[in-house]
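Student: quick one, fold the following:
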Amino acid sequence: MIKILLLIDYSSEFDRKLLRGLVQYSKENGPWLFYRLPSYYSAMHGEQGILRWAKEWKADAIIGQWNLLTEWKAAHAGKEIVFKGSPQNVIGKEILVESKYIIVNAHSAKNLYEMSYLVLMASAKGVPTDRFIIGVTTPYLSNMGDQYGMVNGRSAIVAAAEWTLQEVPDYIKAGISVDGVEQDYFNPTKIYPNVREAINILSPTAK
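Tutor: Have a look, this model is predicted:
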């Protein structure tokens, strides 16, 4: 079970919606186990104190309301940041400006129009629109029985490659990302058949 440490208040409507969204996402993709600390703990104990709490609890991830961007960049010179999620919901959008790519989660997309809609929704004020990557997945069923990873009855990987080649004036499509790509390996006739087809679509000269 994935353990998530939340450093979030419950005083604003945004915080409450965020927590409800996390719980819903956990129900669909989890289960996750949450442990919540008020955000003022970061001021009381500092970032290192929060990290010690996370290690003691053996948390797999931290979702918190504090800015580690400057500290991370100083400690990881020459490294790139890739953002994955819903950029329109990020309050401090400076991390998006610093990100080389922004991956928009399109696991739920059932057709190419829905992929475009998700990216347009992500293109909010303050979100750079010159670095979008569409994030798809190999097929799977959620805990609620919803099918992901299929677009118009075929692999979302191939569909995402075709979607990427369709030029639009409002934003730049920088590529695709694939979750669970190792699942595409298992094929009796050819390993990674959908990944191969997607690569051939995006770069026909690649072998």
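Student: show me what contacts residue 104?
Tutor: 86-87, 118-119, 122, 132-135 (Cβ atoms under 8 Å, 6 or more residues apart in numbering). For every residue, glycine as well, the C-beta is placed using N, CA and C.
Student: and the residues you listed, which is closest to residue 201?
Tutor: Comparing the contacts of residue 104 against residue 201 with Cβ to Cβ places residue 134 closest, at 13.1 Å.
Student: so for the closest one, what pLDDT did the model give?
Tutor: Looking at residue 134, its pLDDT reads 98.
Student: the one 4 residues further on now?
Tutor: At residue 138, the pLDDT value in this model is 94.
Student: for the residue lying closest to residue 26 once chain neighbours are set aside, list the residues it contacts.
Tutor: Using Cβ to Cβ, 6 or more residues apart in numbering and skipping the chain neighbours, the partner closest in space to residue 26 is residue 32 (3.9 Å). For residue 32, the contacting residues are 1-4, 22, 25-26, by Cβ under 8 Å, 6+ apart.
Student: ok, now with 6 Å
Tutor: Going by Cβ atoms under 6 Å, 6 or more residues apart in numbering, residue 32 touches 2, 4, 26.
Student: alpha carbons of whatever helix or strand the second one lives in, in CSV - could you do that?
Tutor: Put plainly, it is residue 4. Element membership for residue 4, per DSSP states H and E: strand 2-7. Only the C-alpha atoms of strand 2-7 are listed here, as CSV (Å, rounded to 0.1, in the frame of the first residue of the first chain):
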residue,chain,number,x,y,z
ILE,A,2,1.3,3.5,-1.0
LYS,A,3,1.8,5.8,2.0
ILE,A,4,1.3,9.5,1.4
LEU,A,5,2.3,12.2,3.9
LEU,A,6,0.1,15.3,3.5
LEU,A,7,1.3,18.7,4.7
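Student: buried set for that strand?
Tutor: By 16 or more other Cβ atoms under 10 Å, the buried positions in strand 2-7 come out as 4-7.
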